[in-house]
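Enquirer: Next one to model:
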Amino acid sequence: MHHKFGIALAGLTLGAAAFAQTKWDLPTAYPATNYHTENITQFSKDVDAATGGKLKVTVHANASLFKAPEIKRAVQSGQAQAGEILLANFANENPIYALDGVPFLATTYPEAKKLYEASKPAMEKLLAAQGIKVLFMVPWAPQGIYSKKEIGSVADLRGIKWRAYSPATAKIAELIGAQPVQIQQAELSAAMATGVIESYMSSGSTGYDTKTYENIKNFYDTQAWIPKNAVLVNLKAFEALDPATKAAVTKAAADAEARGWKVAQEKNDEYKRLLAERGMKIHKPSPKLDADMRQVGSIMQADWLKAAGPDGAAIVASYKK
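Expert: Model (predicted):
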């Protein structure tokens, strides 16, 4: 009896080996309920279905496998086969990664798409040199200004306690004469309640998630920039797949990208509606505020071009064509 059981088991393992299932881990820093994560989860289901279970992609949400700053290196070194990052966070490695965080370069979804197409070849080349391939990229919502008091121009922001959470938002504070305060999203609600900050720039989703409407009542829909998340794969891991599996991954990635851009736009409108329902005044910026902020943007674009050199200039020129 015992002997037969052993033979049956041996048969099982042989079958599994012939089937050769590949497993990928895909860490992300965002919660499971975030639309980016939901989109990636759908991508993983599509891959599973298209490959008949040959490739299993496990999504690890909420920084449970790697924290946000560690994910890119994990994919590079093959500790994770794939992963999602906010590109602009890696500006210190190369300015090209920060292009979609440059204020007032692309302020609408069609412009953001055009900027993405213009920067894609340079980005893919950079990442390939690090052993990484881009699977797909999906935008966040356009960035606006939350402010305790009503503002008609940049002069109204002078001396205001401003949340800085990235090099770009700290630089804006410096240019508009605001008082920058370093606050992470987790501490944001408390900082607003105690008056540590009176203003910050972000998207509608952050304002809603952090209940900003409880303390700050104005949102200026400046649409200053539209940052993107990139889902990356380790190049060796991708190259190791058979042609049919590769094709399935590429197709699922293209579908995820198209779906993600559509959802991002729908969510942007939905969050503005949810904020308004909870007492937030959604303002269209005055012509003066818009012109002032665009001036801030042009200074930052010039800084970016200086840092990015000829490669950067070529991308921006092709975008502005």
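
Enquirer: for the residue sitting nearest the centre point of the chain, what are its contacts?
Expert: Geometric centre of the chain, nearest residue: Asn229, 2.7 Å, by Cα atoms, centre = their mean. Applying Cβ atoms under 8 Å, 6 or more residues apart in numbering to Asn229 gives the contacts His36, Glu84, Ile85, Leu86, Leu87, Met137, Val138, Pro139, Trp140. Quick note: C-beta positions are derived from backbone N, CA and C, even for glycine.

Enquirer: Kindly indicate which of these lies nearest Ile299.
Expert: For the contacts of Asn229, the closest approach to Ile299 (Cβ to Cβ) belongs to Leu87, at 21.7 Å.

Enquirer: Name all residues that make contact with that closest one.
Expert: Tyr97, Ala98, Asp100, Gly101, Met123, Met137, Pro227, Lys228, Asn229, Ala230.

Enquirer: which residues touch the third one?
Expert: This points to Asp100. Contacts of Asp100 (Cβ under 8 Å, 6+ apart): Leu87, Ala88, Ala106, Ala112, Leu115, Tyr116, Ser119, Pro139, Trp225, Ile226, Pro227, Lys228.

Enquirer: hmm, back to that, alpha carbons only: can I get the host helix or strand of the residue nearest to the centre of the chain in PDB?
Expert: Remark: Asn229 resides in strand 228-234, with elements defined by DSSP states H and E. These are the backbone C-alpha positions of strand 228-234, laid out as PDB (Å, rounded to 0.1, in the frame of the first residue of the first chain):
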ATOM      1  CA  LYS A 228       2.400  57.900 -13.800                       C
ATOM      2  CA  ASN A 229       3.000  54.500 -12.200                       C
ATOM      3  CA  ALA A 230       5.100  52.000 -14.200                       C
ATOM      4  CA  VAL A 231       4.800  48.200 -14.000                       C
ATOM      5  CA  LEU A 232       8.200  46.800 -14.600                       C
ATOM      6  CA  VAL A 233       9.500  43.300 -15.300                       C
ATOM      7  CA  ASN A 234      13.000  41.800 -14.900                       C
END
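
Enquirer: rewinding a little: switch the contacts of Asn229 over to TSV; also include secondary structure.
Expert: Formatted as TSV, the contacts of Asn229 follow (DSSP: H, G, I helix; E, B strand; the rest coil):
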residue	secondary structure
His36	helix
Glu84	strand
Ile85	strand
Leu86	strand
Leu87	helix
Met137	strand
Val138	strand
Pro139	strand
Trp140	coil
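
Enquirer: Top of these by number of neighbours, please.
Expert: Neighbour counts for the contacts of Asn229 (other Cβ atoms under 10 Å) peak at Glu84, which has 27 neighbours.

Enquirer: how long is stretch 210-225 end to end?
Expert: End-to-end distance for stretch 210-225: 20 Å, by Cα to Cα, to the nearest Å.

Enquirer: Same check on stretch 178-190?
Expert: End-to-end for stretch 178-190, by Cα to Cα: 20 Å.

Enquirer: Outside of that stretch itself, list whatever touches it.
Expert: By Cβ under 8 Å, 6+ apart, the surrounding residues in contact with stretch 178-190 are 157-165, 169-170, 172-174, 191, 196-197, 199-200, 206, 209-212, 214.
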